[in-house]
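S.K.: sequence plus the predicted model coming up.
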Amino acid sequence: MHYVVLFTLLTASVLADVQPQHYSFSPTVGSGSGSSYSLTGEGRITAVRVWEANSNFIYGFQFRYGFIWSSVVGFRSGQALEMELFDGEAIIQISGKYAHYLQSVVFTTNRGRTLRAGQPTGHSFNMYPTHSEAELRFISGRYRGAITSIGAHWAILDPAVNSTDGH
């Protein structure tokens with residue numbers, strides 16, 4: 001129950017700069033065992049890091065919002081892969097494969113660029129926003145050693161906070 005209340009408050013706080021009618025959620029995939037996480041920040045996501053071990057499981061995530069890196073969710077285990085986004089670029093799709101753990105993940109941008117990590121074995125998933133102008137705002141899920149589940153939260157940002165130039 002506490003998790004639901006905390007999650008609701010966190011979602012409301014993160015989405016304060018979002019037009020409410022343009023929010024959507026891609027439900028979690030994976031076994032969902034372990035500790036819960038929510039990877040959030042203010043403004044637009046400007047970079048992504050993913051930790052994979054031995055081209056296998058996904059162990060951790062980190063996003064940069066504007067110029068500030070978030071905390072790492074999961075673990076910094078194995079190789080870190082990183083993609084820095086260009087001005088105006090946004091993540092519009094998350095896909096991959098899962099079994100008990102998240103086996104692979106692919107972040108795709110509105111410019112067609114991708115960050116791929118892990119080994120593509122298991123059940124497929126594909127997440128994207130319901131509104132064509134929305135972008136990834138944050139992810140949530142669970143981890144236990146490696147990431148066991150992932151869900152995506154999408155929204156259209158208020159144009160006043162879309163800029164990373166500090167104006």
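M.R.: Done, it's in.
S.K.: which parts of the chain are helices?
M.R.: 2-14 (DSSP state H).
S.K.: partner residues bridging the most centrally placed residue in it?
M.R.: Of all residues in the chain, the one closest to the mean position by CA atoms, centre = their mean is residue 139, 3.8 Å from it. Taking DSSP bridges as the rule, residue 139 bridges to residue 39, residue 152.
S.K.: quick one: it from residue 52, how far?
M.R.: Distance of residue 139 to residue 52, given as CB to CB, to the nearest Å: 16 Å. (Each C-beta comes from the backbone N, C-alpha and C, glycine too.)
S.K.: same thing with residue 35?
M.R.: 19 Å.
S.K.: where does pLDDT dip in the protein?
M.R.: 1-21, 159-167 (pLDDT under 70).
S.K.: follow-up on the earlier one: comparing residue 35 and residue 52, which shows the higher neighbour count?
M.R.: residue 52 (24 against 11; other CB atoms under 10 Å).
S.K.: pretty sure the more buried one contacts residue 76?
M.R.: No. Residue 52 is beyond contact range of residue 76, at 11.1 Å (criterion: CB atoms under 8 Å).
S.K.: overlap in contacts, the two.
M.R.: Shared contacts of residue 52 and residue 76, defined by CB atoms under 8 Å, 6 or more residues apart in numbering, are found at residue 59.
S.K.: run a quick neighbour tally on residue 114.
M.R.: 13.
S.K.: does it touch residue 108 like I think?
M.R.: Yes. Contact criterion CB under 8 Å: residue 114 and residue 108 qualify, at 5.0 Å.
S.K.: ok, now how distant is residue 82 from residue 52?
M.R.: Distance from residue 82 to residue 52, by CB to CB: 12 Å.
S.K.: which strand residues bridge residue 94?
M.R.: residue 107, residue 127.
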